[in-house]
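# got a predicted model here, sequence first, then my questions.
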Amino acid sequence: MSKVAKKYDGCSGGMSFFWKNVLGKTPPWEGCCDAHDQRYAVGGTEEQRWQADLELKACVTNKGHPNWASVMWVMVRMGGVPWLPLPWRWGFDTTYWNYSDVVQDDGANDEVIPTGTIRHRPGVEDEHPK
């Protein structure tokens, strides 16, 4: 069994829709959004969210769009908080509505981990719903 990344909707907030339906092409940074969505799906700590958002900004900047990167960073910082009932909130594939002690898999181990697996820090498993 190998790790398979779940496919999300790309860039939320109408960005992918605009590029695909008005400009007739995929946004050049859509892969950045897919990676960001993977992180947002499982949620985690506030620090993990901060890092995910910085990685999105860096990725879009590296694709040659630093202005869009800055706009996107502001948008995800404002609209991605876990307590807003939005489909793109931090932890949108979980039942958590706050920052949690969930540890995201960094891929550094050899164990195969199914997409969306949530790993809890030792000692906090019973504090979160299963």
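Yes, it's here.
# can you identify the element that follows whichever helix in the chain runs longest toward the C-terminus?
In the chain, taking DSSP state H as the definition, the longest helix is helix 46-62. Next along the chain after helix 46-62, taking DSSP states H and E as the criterion, comes helix 66-79.
# which residues sit against that following helix?
Applying CB atoms under 8 Å, 6 or more residues apart in numbering, the set of residues contacting helix 66-79 from outside is 11, 13, 15, 29, 36, 53-54, 56-61, 86, 88-89. All C-beta atoms are positioned from the backbone trio N, CA, C, and that covers glycine.
# can you name the two of those that are farthest apart?
61 and 86 (24.8 Å; CB to CB).
# more neighbours: which of the two?
Between residue 61 and residue 86, counted using other CB atoms under 10 Å, residue 61 has the larger neighbour count: 18 against 14.
# what sits against the more buried one?
Going by CB under 8 Å, 6+ apart, the list of residues near residue 61 reads residue 69.
# where are the low-confidence patches of the protein?
1-10, 12-14, 101-130 (pLDDT under 70).
# can you tell me the closest non-neighbouring residue to residue 54?
Leaving aside its chain neighbours, residue 54 sits nearest to residue 73 (7.7 Å; criterion: CB to CB, 6 or more residues apart in numbering).
# right, I'll leave it there.
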